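1. make a model of this:
(one chain, ligands or ions: 1)
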Amino acid sequence: MSADLDKIAIDILQANDLGGYTIPTKGLYPYQWNWDSAFVAQGFATFDVNRGWQEIETLLQGQWDDGMVPHILFRKDDPTYFPGPSVWGTQNRALPSSGHSQPPVAASTVRLLFEKDQSATSVERLRVVFPKLLAWHRWYHTARDFDGRGVIAVMHPWESGRDNLPDWDGPAARVDTSGVGDYVRKDTSFVNADMRPRKTDYDRYLAILQFGRECNWDAEKIARDAPFYVADPGVTFIQLRADRDLLALAHALAETAALPEIEEWIARAEQGIDLLWNPDLGAFTTLDLRSGAHGEGVSSASFLAPYAGITTAKYLEPTLAHFDRIMSKVTYGVPSYDPDHPAFESMRYWRGPVWGILNYMIATGFAEIGETERAERIRKDTVALIEKSGFAEYFDPISGQGAGGNSFSWTSAIWLNWASPSRHQQAA
Ligand code: GLC
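-> Reported below is the predicted structural model:
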């Protein structure tokens with residue numbers, strides 16, 4: 001079974017490879033997506049390290065002059081996707097793209113690639129990507145932490161990668177959608193509308209996008225005036241781990257000039273994350289930087305603190321208690337939102353379903369701090385979901401049904417790199 005699934009996962013990655021870059025799935029997502037590519041590279045690297053590097057290199061081709069690496073690269077216009085390059089106002093760029101970023105997983109991937117193969121060719125490749133990663137991280141620490149608080153904000157729910165998380169509902173409700181006008185969504189022609197964000201969400205997504213386009217994606221203007229600016233534990237923890245990984249890469253290359261800056265980012269985040277701690281809930285949540293309000297629910301990103309190297313008991317004990325409570329409520333973990341919260345919906349995207357990439361990151365962090373039983377439960381649940389429903393985009397935590405797109409790249413990638421029993425036996 002597992003060997004068959006290994007083969008299917010490899011076939012999916014190869015079928016979604018459009019020549020040096022990989023699309024998440026055919027139909028629904030016809031372009032290169034940022035954090036998808038970072039996970040995809042890890043999947044490729046299990047059987048072709050060179051192809052893993054290439055995925056990161058093509059992703060970084062889209063980098064803007066200010067260091068930002070966009071969340072979507074529109075390598076060729078595809079009318080089956082909305083919103084395309086002209087909506088973002090980037091159609092005249094050499095490589096049209098969206099105007100904001102996505103969780104910065106890439107440096108963590110590059111560290112994995114480099115650790116697999118430290119040949120002279122790898123060192124050369126690392127030398128080329130290192131300054132680009134450094135510039136991207138610097139962009140995140142300035143553009144999206146404009147006041148140096150040590151937490152990373154997102155200016156759009158799409159920037160978080162967790163598009164319709166219930167924690168965005170409150171902050172997004174203040175967005176004025178009166179100028180959005182008519183538009184035709186394409187996502188719901190591929191996937192049942194009950195599994196996708198609602199129309200109200202989409203109106204807000206487009207209104208925020210319009211703000212970004214009108215100010216030409218100016219970081220200061222966004223930090224001061226964007227209608228949506230919310231610090232996110234997901235991006236903050238992923239950034240913190242990526243900074244630690246970048247630091248290790250800087251040491252490997254003897255890039256001593258970069259060390260103090262990266263060390264400062266890490267120190268700032270280690271302090272700053274306290275702002276994301278919701279004391280009433282006893283969990284890390286979002287923090288609306290406009291209103292000062294915390295998100296009110298535990299999400300799967302609340303469990304990413306160990307992945308970011310945070311082991312403080314004050315945070316860890318309540319976090320693990322939430323984890324155990326939540327896992328006792330579902331057949332398959334980890335749900336993207338707390339099943340005890342009224343906003344939970346088991347099949348609707350980031351309001352409840354299980355996502356393989358989150359499972360991989362949470363379990364990795366848990367294993368690293370010695371929480372092996374919990375890490376194994378997550379891995380086994382992931383295996384069970386994929387055995388039952390294939391390489392779906394996401395899964396219902398109660399029924400295990402697959403949802404969203406099929407033959408999905410990042411689900412295949414985390415299978416190959418982490419969940420697959422054959423991989424696990426090798427590692428043991
Ligand atoms: C959805 C997800 C996002 C992902 C993209 C492509 O928009 O919310 O995280 O990167 O699809 O898979």
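
2. pick out the residue in the stretch 1-150 of the chain sitting closest to the ligand.
-> Closest residue of the stretch 1-150 of the chain to the ligand, CB to the nearest ligand atom: residue 24 (3.6 Å). All C-beta atoms are positioned from the backbone trio N, CA, C, and that covers glycine.

3. is the nearest residue to that residue once chain neighbours are set aside in a helix, a strand, or coil?
-> Excluding its sequence neighbours, the residue lying closest to residue 24 (CB to CB, 6 or more residues apart in numbering) is residue 36, at 4.7 Å. What DSSP: H, G, I helix; E, B strand; the rest coil gives for residue 36 is helix.

4. cool, residue 223 as well?
-> Taking three-state DSSP, the label given to residue 223 is helix.

5. show me what contacts it?
-> 143, 144, 146, 147, 153, 229 (CB atoms under 8 Å, 6 or more residues apart in numbering).

6. of the residues you listed, which is the most crowded?
-> Among these, the one with the most neighbours (other CB atoms under 10 Å) is residue 153, at 28 neighbours.

7. list the buried residues in the helix ranked longest in the chain.
-> Counting by DSSP state H, the longest helix found in the chain is helix 120-143. By neighbour count with 16 or more other CB atoms under 10 Å, helix 120-143 contains the buried residues 122, 125-126, 129-130, 132-141, 143.

8. one step back: you'd agree the residue nearest to residue 24 is up against residue 414?
-> No. Using CB atoms under 8 Å, residue 36 makes no contact with residue 414, being 11.1 Å away.

9. what about the nearest residue to residue 80 once chain neighbours are set aside, how many residues nearby?
-> The shortest distance from residue 80 to any residue other than its chain neighbours is 5.8 Å, reached at residue 186 (CB to CB, 6+ apart). Per other CB under 10 Å, the neighbour tally for residue 186 reads 17.

10. wait, residue 394 sits on residue 404?
-> Yes. Using CB under 8 Å, residue 394 is in contact with residue 404, at 5.2 Å.

11. got any residues that touch both of the two?
-> In contact with both residue 394 and residue 404: 349, 353, using CB under 8 Å, 6+ apart.

12. quick one on the thing from earlier: strand partners (parallel or antiparallel) of the helix or strand just after the longest helix of the chain?
-> Next helix or strand after helix 120-143 toward the C-terminus (DSSP states H and E): strand 153-154. Strand 153-154 pairs in its sheet with strand 230-231 (antiparallel), by DSSP bridges.

13. show me what the partner strand is in contact with.
-> The contact list for strand 230-231 (CB under 8 Å, 6+ apart) reads 149, 151-154, 167-168, 171, 275-276, 286-290.

14. ok, whichever residue of the stretch 151-300 of the chain sits closest to the ligand - how many residues close by?
-> Across the stretch 151-300 of the chain, no residue is closer to the ligand than residue 161, which sits at 3.6 Å (CB to the nearest ligand atom). Residues lying near residue 161 (other CB under 10 Å) number 26.

15. identify the residues contacting it.
-> Going by CB under 8 Å, 6+ apart, the list of residues near residue 161 reads 35, 71, 102, 103, 234, 235.

16. okay, strands next: where are they in the stretch 201-350 of the chain?
-> Assigned by DSSP state E, counting those that start in this stretch, the stretch 201-350 of the chain shows strands spanning 230-231, 277-278, 283-284, 287-288.

17. buried deepest among these, which one?
-> Of the strands of the stretch 201-350 of the chain, the one with the most neighbours on average (mean count of other CB atoms under 10 Å) is strand 283-284, at a mean of 29.

18. mean confidence score for it?
-> For strand 283-284, mean pLDDT is 98.

19. where's the residue of the stretch 251-400 of the chain found nearest the ligand relative to residue 213, distance?
-> Per CB to the nearest ligand atom, residue 350 is where the stretch 251-400 of the chain lies closest to the ligand, at 6.3 Å. In this view, residue 350 and residue 213 are 24 Å apart by CB to CB, to the nearest Å.

20. that's all I had, so thanks and see you.
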